[in-house]
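> Sequence and predicted structure are below.
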Amino acid sequence: MGLADIVDTVRERSATLRVYNTEEQSMIEELRGHLADRNIEIITERTTTGRPNNTAVLEHPDRSPSAYPVPELLEMLQAEREMASRLSRHIDERSFPARDTQEMVHMSREIEDRAMRIGEGTLHAGFQYVSSFKDQQETYESLANQSMDVNIYAVPDEDPPESEQITLHLETTDEIEQTWFVVYDGGGDPLQQCALIAIAEDNDTYKGVLTYEPSIIEQSINHLNDKYLK
């Protein structure tokens, strides 16, 4: 399974948030606003008994359902904090149809910052071209200077920069040329694993996913190891 296949897999496995018996339409609209760029569908339902009342149930194909009082769920979303819970793994999973370069850089920074905080583990990053990596080399040198194994993948459109800390994989495959990715193994902590994988489209835009699901991240890392690190 290649990186494009992994993107398709995540995009197809959207979660569902069923909101039961709420009288506050404003809460529904607020939920939709918070989750607009997440890989999740919101459905409102009413039961004949009126139970559960004002409750949101998160359903995901890979997990057991989880229930949250709607006000509590909104409070967690408003806090914008990292929650080491099932909620963060699926509410924070994003599937996006088109993002420009600036938005992709912002999402990449989320993962790079997390890796910097943890300070260990393995980070894989695909820049498409060596020329694109040169602009970001300082960031990745800083990561590599910690106890971290940093692997960079790029098509050699120009001479690669020298580095004693970073492992640079020069490839000419369509996959490397067409894919922007940052994949972090969490430094041994599954709750810290994360991955951004996106396929280049026309007009310098990308479609892809930002995921925190360990099984998806492990698939991505295994693919990169098997195809490019042997």
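Yep, it's here.
> So which bits of the longest helix seen in the chain are buried?
Of all the segments of type helix in the chain, defined by DSSP state H, the longest one is helix 101-118. Buried positions in helix 101-118, judged by neighbour count with 16 or more other C-beta atoms under 10 Å: Met104, Met107, Ser108, Ile111, Glu112, Arg114, Ala115, Ile118. Where you see a C-beta, it was placed from the backbone N, CA and C, and this is true even at glycine.
> could I get these as JSON lines with distance to Asp189?
Shown next, in JSON lines, are the buried residues of helix 101-118 (distance: C-beta to C-beta, whole Å):
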{"residue": "Met104", "distance to Asp189": "25"}
{"residue": "Met107", "distance to Asp189": "21"}
{"residue": "Ser108", "distance to Asp189": "20"}
{"residue": "Ile111", "distance to Asp189": "14"}
{"residue": "Glu112", "distance to Asp189": "17"}
{"residue": "Arg114", "distance to Asp189": "11"}
{"residue": "Ala115", "distance to Asp189": "12"}
{"residue": "Ile118", "distance to Asp189": "7"}
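> Looking at the longest helix of the chain now, give me its mean pLDDT.
Across helix 101-118, pLDDT averages out at 94.
> Ile42 reaches His34, doesn't it?
No. The pair Ile42 / His34 is not scored as a contact, 10.0 Å apart, by C-beta atoms under 8 Å.
> excluding its backbone neighbours, what's nearest Asp189?
The shortest distance from Asp189 to any non-neighbouring residue, by C-beta to C-beta, 6 or more residues apart in numbering, is to Ile118 (7.2 Å).
> if we can go back for a sec, what about dumping the CA coordinates of the longest helix of the chain to CSV?
The C-alpha trace of helix 101-118 is given here as CSV (Å, rounded to 0.1, in the frame of the first residue of the first chain):
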residue,chain,number,x,y,z
THR,A,101,1.5,25.6,0.2
GLN,A,102,1.1,28.0,3.1
GLU,A,103,-1.6,25.8,4.7
MET,A,104,0.5,22.7,4.2
VAL,A,105,3.5,24.4,5.9
HIS,A,106,1.3,25.2,8.8
MET,A,107,0.1,21.6,9.2
SER,A,108,3.7,20.4,8.8
ARG,A,109,4.8,22.7,11.7
GLU,A,110,2.2,21.0,14.0
ILE,A,111,4.1,17.7,13.6
GLU,A,112,7.6,19.2,13.6
ASP,A,113,6.7,21.1,16.8
ARG,A,114,5.4,17.9,18.4
ALA,A,115,8.6,16.0,17.5
MET,A,116,10.7,18.9,18.9
ARG,A,117,8.9,18.7,22.2
ILE,A,118,9.2,14.9,22.5
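> Remind me what it packs against, helices and strands.
Packed against helix 101-118 by the contact rule (3 or more C-beta pairs under 8 Å, 6 or more residues apart in numbering; DSSP states H and E) you find strand 120-129, helix 137-144, strand 179-184, strand 194-200, strand 205-211.
> Now do the fourth one against strand 120-129: the angle between them, please.
When you say that, I think you mean strand 194-200. Relative orientation of strand 194-200 and strand 120-129, computed by axes from the mean of the first three to the mean of the last three C-alpha atoms, to 10 degrees: 10 degrees.
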